[in-house]
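Novice: I would like to see how this sequence folds:
(one chain, ligands or ions: 2)
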Amino acid sequence: MSEGNGNSESSASDGVPGTDTGASPRPEPVEVPEALVTPAAAEAPEVSERPPVFALRGLWKVFGPQADAVPHDPALAALDPAELRARTGCTAAVRDVSFDVRKGEVFVVMGLSGSGKSTLVRCLTRLIEPTSGALTMDGEDVLAMDRTRLRELRRHRAAMVFQHFGLLPHRSVLDNVAYGLEIQGMARAERRAKAAEVVGKVGLEGLEDRRPGQLSGGQQQRVGLARALAVDPQVLLFDEPFSALDPLIRRDMQEEVIRLHREERRTMVFITHDLTEALRLGDRIALMRDGRVVQLGTPEEIVGRPADAYVRDFVRDVPREQVITVGAAMRAAGPGDGDAGPELAPTATVSEAIEAVARSGEAAARVVDGRGGLLGVVDRERLLGVVAGTARMPETARMSETGTALR
Ligand SMILES: Nc1ncnc2c1ncn2[C@@H]1O[C@H](COP(=O)(O)OP(=O)(O)OP(=O)(O)O)[C@@H](O)[C@H]1O
Ligand SMILES: [Mg+2]
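Specialist: Ligands and ions are numbered 1, 2, ... in the order given. Next comes the predicted model:
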């Protein structure tokens, strides 16, 4: 079965090695990031109001001899992975997945090794052919696209950045960056000029004439990123692009992605098995287990309201006070609250509130809107409840969106 490595069509985003091995079977230990929630999320329009770029409904990918039968047979579809394999020899890598990737967001797909992340992201451009379900891009039926239209999609509209860079070893940095434009048929002078511009954007100036083998891992991945950016795609798809990099370089590259996203507002689908990376980059995170999306929400929702024991275990070591905002942790103000205490915006983290309350010597902080209107109060009990993990976060409309709810 060769499907996992994409088909043989050539384009900027296929025909490049993209298989991922060696991912750790457990979530990596969580370092303490200084700002887990991306600042970009605060100024952006409400994510739920933006139009979808990709829309998936009931999408399945089953590998194996009876693949087509599995999604349509409720008895088979309900089997757990081991039973399904024993009974049919099939693996359901993506099971009944439904969500929208909205314009301008960083949509993170997170999950342990083998949970179906790579399969899912490859289904978006049909590098892997979905077994059943519906998939649209900008409202257009991707599953109905003919080869020409599909090639168009892969060359112009969605570009992929792979874990192992997928660079051409005998070409210079500049020609690697220009590769996608070459595939598009752009003339040499024009594509090299465009590539030079993108090389500058990702901090590779001066290295244009080197070969990939003469670069560090981080630099090679910058080339991979530049190659994807050069075609100016509507969506960037990242499949664990930084997991081969050491932690400091990885951090640099994450900041690069955050910067690019802030500057360009390009839609991104970012696959990772690293929770810290997911929390740092994601506007929303879809958490996968055995091919299913078990929870979809903002970092704050995933950490503050894990949908089940699996998610709770996944986020167990996250410092909740750095992710959860006072807007989610506050209670309504009561008559006994008075008007003392520091004032905080609803987007302030619980960690910031703890510091503000401790410095003020007051019993609570006041959560106020932009015009100074009182929204609620976070008292010491609430703040401690978040740290201890005993506080129940309120259910909001945005919080309840799961794959199941969308169908
Ligand atoms: N071509 C294939 N044929 C059969 N099974 C496959 C194929 N490709 C993937 N699988 C299986 O599908 C499941 C999901 O694989 P996938 O590569 O999508 O996982 P992943 O979440 O990306 O894992 P990792 O973090 O290790 O990259 C796994 O059980 C895998 O063995
Ligand atoms: Mg993978």
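Novice: C-alpha from now on. contacts and neighbour counts both.
Specialist: Noted.
Novice: can you tell me the SS state at whatever residue of the stretch 101-250 of the chain ends up closest to ligand 2?
Specialist: Across the stretch 101-250 of the chain, the shortest distance to ligand 2 (Cα to the ion) belongs to Ser118, at 4.0 Å. On the three-state scheme (DSSP: H, G, I helix; E, B strand; the rest coil), Ser118 is labelled helix.
Novice: find the residue closest to it in space, skipping its chain neighbours.
Specialist: Asp239 (6.5 Å; Cα to Cα, 6 or more residues apart in numbering).
Novice: can I assume Cys162 is in contact with Leu236?
Specialist: For residue 162 the amino acid is Phe, not Cys. No - Phe162 lies out of contact with Leu236 (Cα atoms under 8 Å); the separation is 10.8 Å.
Novice: beta partners of the residue most central in space within the chain?
Specialist: Closest to where the C-alpha atoms of the chain average out (Cα atoms, centre = their mean) is Val108, at 1.3 Å. Here Val108 sits in beta bridges with Phe270, Ile285, going by DSSP bridges.
Novice: ok, it - contacts?
Specialist: Val269, Phe270, Ile271, Thr272, Ala278, Leu281, Gly282, Asp283, Arg284, Ile285, Ala286 (Cα atoms under 8 Å, 6 or more residues apart in numbering).
Novice: same question, Cys90
Specialist: The contact partners of Cys90, by Cα under 8 Å, 6+ apart, come to Val62, Phe63, Gly64, Pro65, Gln66, Ala67, Leu84.
Novice: of those residues, which belong to strands?
Specialist: Taking DSSP state E, the ones among the contacts of Cys90 that sit in strands are Val62, Phe63.
Novice: interface residues of the stretch 101-250 of the chain facing ligand 1?
Specialist: Leu112, Ser113, Gly114, Ser115, Gly116, Lys117, Ser118, Thr119 (Cα under 6 Å from any ligand atom).
Novice: before we move on, the earlier item: among the contacts of Cys90, which are within reach of ligand 2?
Specialist: Checked against ligand 2 using Cα under 5 Å from the ion, these give no members in range.
Novice: in the longest helix seen in the chain, which residues are buried?
Specialist: Assignment by DSSP state H gives helix 247-264 as the longest helix of the chain. Neighbour-count burial for helix 247-264, counted by 16 or more other Cα atoms under 10 Å, picks out Ile249, Arg250, Met253, Gln254, Glu256, Val257, Ile258, His261, Arg262.
Novice: who touches it?
Specialist: Thr38, Ala40, Val106, Val202, Gly218, Arg222, Phe242, Ser243, Arg266, Thr267, Glu277, Leu281.
Novice: and the gap between the fourth one and Phe242?
Specialist: Val202 is 15 Å from Phe242, where distance means Cα to Cα, to the nearest Å.
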